[in-house]
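# have a look at this prediction, sequence included:
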Amino acid sequence: MLMAFSDGNRRRAAVIIERYPRAESAILPLAHLAQDQDGYLSREAMAEIAELVGVTSAIVYGTCSFYTMFKREPVGRFVVSVCTNVTCLVLGGPELHEHLRERYGTDDDVLIEEVECLAACDGAPCMQVNYDFHLLQTPESAERVVDAYKRGELDARTVSGARVREDAS
Amino acid sequence: MPETRILTRRLREHPDDSWTIDAALADGAYQALRATLAKEPADVAEQISTAMLRGRGGAGFPTATKWSFLPEGSYPRYLVVNADEGEPSTFKDHMLLELDPHQLLEGIAISSFAIECHLAFVYVRGEFALGAERLEQAIADARDRGFLGDDIAGSGFSLDIVVHRGAGAYICGEETGLLESLEGKRGMPRIRPPFPAVEGLYAKPTVVNNVETLSAVPTIMSMGGARYAEMGVERSKGTRIFSLSGHVKRPGNYEVELGKTTFRDLIFDADLGGGVPEDRAVKFFIPGGASSQWLTGADEHLDAPLDMDYVQQTFGVMLGSGAVMVYDETVDPTLVAWRLAKFFAHESCGKCTPCREGTGWMEKVLYRISHRAGRPEDLDMLLDVGDNISPGLNAPFSQTTICPLGPSAVSAVVSLDKFFRDEVLAKCPPRIPVFAAGAGS
């Protein structure tokens, strides 16, 4: 019996699986759940997901490695996603990304990612921190936002975008 | 020229709480559902057909016709809502999810009743954390009030809705890629036929509809299909939300009557885009999301109506997802084309060779052109690569691939050739012959 999930999350996993006519459909939501818990998607978690939904761990790995939101290595507490797609491109997105990459490149707490369009183009250039939006950013304002998260002044989601659950035991 | 607010009325009139059940109910939410549940499922399809509602996700396929493809007597049937909005510069579904989830839920419930479905799925783009959260809350609240779950409003009709978050893959916005993803697999599109209506989710009859399409359903039921069809023109009826971004003074989502508004109105009208910053000229714009071919600041383009059939027949471009990106005279079109190619190369699922290989090469070649290291033959080579993905360069309408992603990547290359060939060639200087460089002396 694999034990990557906490007892509370294993109960949640059962509820999630129950929602679907076929258990395999729960692979993505369970991968999000594992990432909420651990801050990344571990091999152990993928193996346990496979056991829970009744497929091989290769199938779960094959699915999860297709999706950019699943981080198969620890990424620190904050994933900062900066859009450089074609609206942000002409309104300062690349400059924003470059600045943050230089500023936090060696910071283990923060992963700076260049991402595709986040569907907030009226707020370009935009970014997300753990999937919460921050619009109309400048390099300076974005740095203030990231620092505020680091100091705990802004309430962050998990690196999979969930609100932290108090009873995640 | 004011907007025609149908789908966006509640969220504009109640900006502080439009997404809550109390605000939605006070505004009349779920009345159309109650009234509909007293009718027959076929009555809904008839109203939607009369309204001539066409899909708002990009392809513009008539919604009632899509529903009619479900094989008779085959159950269970599923309704799957495509909320995986990822077409670059499209941000309407994001707004509808976050600010008016009850309108969407009501549309899902009415449509599920129409197609006799008892389990619906909403595939929400993974990055929309707040949207998914509000939708989950809305479902819980609607269930508490008896608008979802068993025996809705005493009608005997039951419906459950599952919110399924994606995890970062544009291709899952393609309906069969979405179904694969919902089944727990990599989001690789399926060969059709069979179409989802016959073999969709779990190989069962399935309808996949976009968020904006379903959000229009409650209004159509309450106002009647005939009145809805009075808005718009010919085969483009009703309103649509256009996501306007880039070099405009007032970027945002604007809901207007189809065909009655031009690109010039959308970009320049004081109530809409408000014009280009510093009154610079429009150099070009992308009229229907990143997959569409481009149009320019020429009068014939700016004065074209927002009518999907007109722009396709006249210019060979599509209104697609309803995203309009505006670029002023300072923008280098090769840079935009390169960034689009980079996007498509990154998002290609890798299933079909022309797309997997072609988008990667297009990205590399467009990179060197846009970074002043192009070669004179590059543009023609790009067109050749494009022709292998979209024969006749009729992008994105013809394809050698299973899905339209690859052909969509060709649209920018065709546009560069059509409108900016000289500008591209100027960035690809002839190579200095070896002898002239002094190597032979």
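Received it, and whenever you're ready, just let me know what you need. Numbers count the residues shown, from 1 in each chain, chains lettered A, B, ... in the order given.
# so where's chain A uncertain?
A:1, A:165-169 (pLDDT under 70).
# contact residues of the stretch 51-200 of chain B facing chain A?
Proximity of the stretch 51-200 of chain B to chain A (Cβ under 8 Å from any Cβ of the partner chain) is limited to residues B:76, B:85-91, B:93-94, B:119, B:125-130, B:132-133, B:162, B:164-170, B:181-187. All C-beta atoms are positioned from the backbone trio N, CA, C, and that covers glycine.
# quick one, which of those residues are buried?
Among these, those buried by neighbour count (16 or more other Cβ atoms under 10 Å in any protein chain shown) are B:85-91, B:93-94, B:119, B:125-130, B:132-133, B:162, B:164-170, B:181-187.
# among the residues of the stretch 51-200 of chain B next to chain A, which lie within strands?
Counting by DSSP state E, those place B:Leu119, B:Val162, B:His164, B:Arg165 in strands.
# nearest to B:Asp269, of those residues?
Among those, B:Arg165 lies closest to B:Asp269 (Cβ to Cβ), at 37.0 Å.
# identify the bridge partners of the closest one.
On the basis of DSSP bridges, B:Arg165 is bridged to B:Val124.
# got the contact list for it?
A:Leu28, A:Pro29, A:His32, A:Gly161, B:Val124, B:Arg125, B:Gly126, B:Phe128, B:Ala132 (Cβ atoms under 8 Å, 6 or more residues apart in numbering or on different chains).
# same question, B:Gly168
Shown in contact with B:Gly168 (Cβ under 8 Å, 6+ apart): A:Tyr67, A:Thr68, A:Met69, A:Phe70, B:Gly126, B:Glu127.
# go with 7 Å
Neighbour list for B:Gly168: A:Tyr67, A:Thr68, A:Met69, B:Gly126, B:Glu127 [criterion: Cβ atoms under 7 Å, 6 or more residues apart in numbering or on different chains].
# leaving out sequence neighbours, find the closest residue to B:Phe285.
Residue nearest to B:Phe285 in three dimensions, not counting chain neighbours: B:Val326, with 4.7 Å by Cβ to Cβ, 6 or more residues apart in numbering or on different chains.
# and the helix or strand that contains that neighbour, what does it pack against?
B:Val326 belongs to strand B:323-328 when assigned by DSSP states H and E. With contacts taken as 3 or more Cβ pairs under 7 Å, 6 or more residues apart in numbering or on different chains; DSSP states H and E, strand B:323-328 sits against strand B:239-246, helix B:263-268, strand B:282-286.
# repeat that for 10 Å
strand B:239-246, helix B:263-268, strand B:282-286, helix B:333-347 (3 or more Cβ pairs under 10 Å, 6 or more residues apart in numbering or on different chains; DSSP states H and E).
# would you agree the residue nearest to B:Phe285 is in contact with B:Gly274?
No: in this structure, B:Val326 is not within contact of B:Gly274 by Cβ atoms under 10 Å, at 11.2 Å.
# the two: which is more packed in?
More crowded of B:Val326 and B:Gly274, by other Cβ atoms under 10 Å in any protein chain shown: B:Val326, with 29 against 16.
# can you pull the contacts of that one?
A:87, A:90, B:89, B:244-248, B:251, B:263, B:266-268, B:273, B:275-277, B:282-287, B:297 (Cβ atoms under 10 Å, 6 or more residues apart in numbering or on different chains).
# please identify the deepest-packed of the helices and strands packed on strand B:323-328.
Among the helices and strands packed on strand B:323-328, judged by mean count of other Cβ atoms under 10 Å in any protein chain shown, the one packed with the most neighbours on average is strand B:239-246 (a mean of 27).
# can you list the strands that the following helix or strand past that one pairs with?
Heading C-terminal from strand B:239-246, the first helix or strand you meet, by DSSP H and E, is strand B:252-257. Using DSSP bridges, strand B:252-257 pairs in its sheet with strand B:239-246 (antiparallel).
# next, the angle strand B:323-328 makes with the partner strand.
Angle, strand B:239-246 to strand B:323-328, by axes from the mean of the first three to the mean of the last three Cα atoms, to 10 degrees: 30 degrees.
# pLDDT averaged over strand B:239-246 - what is it?
The average of the pLDDT scores along strand B:239-246 is 97.
# from B:Asn210, how far off is the residue nearest to the spatial centre of chain B?
What sits nearest the mean C-alpha location of chain B, by Cα atoms, centre = their mean, is B:Ser321, with 2.8 Å. As judged by Cβ to Cβ, to the nearest Å, B:Ser321 and B:Asn210 stand 9 Å apart.
# still on that earlier bit, list the neighbouring strands of the strand holding B:Val326 plus their orientation.
Assessed with DSSP bridges, strand B:323-328 is paired to strand B:239-246 (parallel), strand B:282-286 (antiparallel).
# stretch A:58-72: how far from the chain's middle?
13 Å (Cα atoms, centre = their mean, to the nearest Å).
# wait, stretch B:279-293
16 Å.
# can you give me the first-to-last residue distance of that stretch?
Its first and final residues considered, stretch B:279-293 spans 25 Å by Cα to Cα, to the nearest Å.
# what's the mean pLDDT across it?
Computed over stretch B:279-293, the average pLDDT equals 96.
# adding distance to B:Arg431, write the helices and strands packed on strand B:323-328 out as a markdown table.
Formatted as a markdown table, those follow (distance: least, Cβ to Cβ, whole Å):
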| stretch | distance to B:Arg431 |
| --- | --- |
| strand B:239-246 | 35 |
| helix B:263-268 | 40 |
| strand B:282-286 | 29 |
| helix B:333-347 | 19 |
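# spell out, range by range, the strands that occur in chain A.
Using DSSP E, strands in chain A cover A:78-83, A:110-115, A:127-129, A:132-134.
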